[in-house]
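**Q** After the sequence you'll find the predicted model.
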Amino acid sequence: MEETTIFNGLKKHFKFDEFKSDLQRKATVEICQRKRDVFISMPTGSGKSLCYQLPAVLHPGKITIVFSPLLALIKDQIDHLTALKIRAATINSKITSAQRESVLMDLKSTSPNTRILYVTPEQAATATFKALYENLYKFNKIAYLVIDEAHCVSEWGHDFRPQYRKLGDLRDNVDVPCIALTATANSDVVKDIVASLKLAPDYRTFRTSCFRNNLFYDVHYPNLLPDPYKHLRDFVLDCLNEKEEKSMDKQRKSCGIIYCRTREQTELLMEKLNQLGVKALCYHAGLKSDERRVFQEQWQNGDVPVICATISFGMGVDKSTVRFVVHWGSPKEPASFYQETGRAGRDGKPSKCRVYYNRSDSKAIEFHLSQDYSKAGDVEHKKKRSERALKGFRKILEYCENPTECRHKLFTDHFGEPPPECSNRCDFCANGKKVRDLAEEFLTKSIQ
Ligand code: ADP
Ligand code: MG
Ligand code: ZN
């Protein structure tokens, strides 16, 4: 299929003048060819649905079957497509039998009008669906099999859905391109997706890199500093760069997050910073819920620039002017460290991610991870999970205590990407010798 045909389809059916990104365009063009399986990993909101919806529309007479985990998601998609006059339907337990009959009738006709059929994985396991599926395939009427939120196939993902595992069976002896979409996938989850959905060996990947080139990563050691709190204060002031922004409206003022391991640490740091002339708040599970709400609001509004928080802070926080994220102590493992520091610099401006590393916090974390307190799963399973957690933590130990390479490589390795073009966006690439010397001094002092 020609790229101009695809581009015209984008305008005609979706009313967009351009693709949202180069990656969206490339993925859509590849999918339109119907030659290979495709794996797409792009952040939420980047427009993954279009990558299969446009190809679906451009193959009239054929149907695209989309597996989606939730009825609510399915409803949103169908409403959206219907508004664009694209025929989309679902069969599930919530629709009337008359509706179901009408959908099935169309699907079984020689030239169906339905372009996209949404199905939950539970529905996919029913006899009705299986019969329909076989019939559609027999008459060469399936354009694509799409698995949305594909990380649900993996136990290592955050949303494991056992029924997703069975979707791979639908691919046995069926020669139809399969498209897997997800926003979150580390290399273990990707492996699971590829194996479980039986993607062909020549499948193509379209993935946004996890490398954030506006974030500068470094590590400092409080026990080597004459006054760690003053050092932190200077760092904070430097990042906030108050002078330039006096005139700005409050919401857009620079701010930052300091993550601590314990409640006590958040309160102590808040006090120290306030004493040293930086307005700061704390946030942890021990506060009363309205206190927590008020503090979060004050930070969100730009009244108080710094919040010292335990890791429960940040879910749903959508502030684009976070200029720094500090880990006071030690991060836990690469994925959560990536997510926490990823809250910095959402507006694309230079921002800093710093660890003030100390041994006692890291020992505490290591101990905690070696005990799997969660109730889910049997002994074998717990053991495996705890081993994984410790493996992740050892990566953090290397990062903090024995740096040998670019800081960003912690993440690109974790997400299975090639090393980034850092060009001095971390302390190691800026001055590797200095970083190694400092780490050595830290180790020598820590052993004494
Ligand atoms: P994802 O599934 O990756 O989270 P969606 O497919 O839900 O993202 O799309 C997110 C938003 O982006 C939607 O509102 C969608 O209409 C919009 N969008 C998709 N493609 C484009 C485009 N080419 N130009 C502008 N907006 C787009
Ligand atoms: Mg989506
Ligand atoms: Zn680097």
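**A** Arrived safely, thanks for sending. Ligands and ions are numbered 1, 2, ... in the order given.
**Q** Could you find the closest non-adjacent residue to the residue of the stretch 151-300 of the chain found nearest ligand 1?
**A** Evaluated by CB to the nearest ligand atom, the stretch 151-300 of the chain has A183 as its residue closest to ligand 1, separated by 6.2 Å. Yep, even glycine has a C-beta here, placed from its N, CA and C like the rest. Leaving aside its chain neighbours, A183 sits nearest to T44 (4.6 Å; criterion: CB to CB, 6 or more residues apart in numbering).
**Q** what about the one you found, how many neighbours?
**A** 8 (other CB atoms under 10 Å).
**Q** isn't it right up against T208?
**A** No - applying CB atoms under 8 Å, one finds T44 not in contact with T208, separated by 10.9 Å.
**Q** What residues of the host helix or strand of T444 count as buried?
**A** Element membership of T444, judged by DSSP states H and E, is helix 432-447. Buried residues in helix 432-447, counted by 16 or more other CB atoms under 10 Å: V435, L438, A439, F442.
**Q** Max pairwise distance over those residues: which two?
**A** V435 and F442 (10.6 Å; CB to CB).
**Q** With pLDDT and distance to D290 added, can I get the buried residues of helix 432-447 in CSV?
**A** CSV is the format used below for the buried residues of helix 432-447 (pLDDT from 0 to 100; distance: CB to CB, whole Å):
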residue, pLDDT, distance to D290
V435, 98, 44
L438, 97, 43
A439, 97, 44
F442, 96, 42
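**Q** how deep is D17 tucked in, by neighbour count?
**A** 8.
**Q** How is the closest residue to it other than its chain neighbours assigned, secondary-structure-wise?
**A** Leaving out its chain neighbours, the residue that sits closest to D17 by CB to CB, 6+ apart is K11, at 6.5 Å. Under DSSP: H, G, I helix; E, B strand; the rest coil, K11 falls in the helix class.
**Q** check contacts around the residue lying closest to G286 once chain neighbours are set aside.
**A** For G286, ignoring the flanking residues on the chain, the nearest one in space by CB to CB, 6+ apart is R263 at 4.8 Å. Shown in contact with R263 (CB atoms under 8 Å, 6 or more residues apart in numbering): C282, H284, A285, G286, T310.
**Q** and R263, how far is that from F313?
**A** 12 Å (CB to CB, to the nearest Å).
**Q** Please apply the same query to K75.
**A** Taking CB to CB, one finds K75 at 32 Å from F313.
**Q** Check K12 too.
**A** 45 Å.
**Q** between these two, which one's more packed in?
**A** Legend: neighbour count by other CB under 10 Å for K12 and F313, higher for F313 (25 against 10).
**Q** Which pLDDT value goes with that one?
**A** We have a pLDDT of 75 for F313.
**Q** Would you check that it makes contact with I257?
**A** Yes - the pair F313 / I257 is scored as a contact, 7.0 Å apart, by CB under 8 Å.
**Q** what's the overlap in contacts for these two?
**A** Joint contacts of F313 and I257 (CB under 8 Å, 6+ apart) are I307.
**Q** and the residue lying closest to L397 once chain neighbours are set aside, what is it in contact with?
**A** Excluding its sequence neighbours, the residue lying closest to L397 (CB to CB, 6+ apart) is S362, at 6.5 Å. By CB under 8 Å, 6+ apart, the contact set of S362 is G329, S330, F393, I396, L397, C400.
**Q** Now, the residues you listed that are in strands?
**A** Judged by DSSP state E, strands contain none of these.
**Q** I'd like these as CSV, with neighbour count, pLDDT and distance to R293 appended.
**A** Formatted as CSV, those follow (neighbours: other CB atoms under 10 Å; pLDDT from 0 to 100; distance: CB to CB, whole Å):
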residue, neighbour count, pLDDT, distance to R293
G329, 22, 92, 26
S330, 27, 92, 29
F393, 21, 92, 32
I396, 23, 96, 31
L397, 16, 95, 36
C400, 22, 97, 34
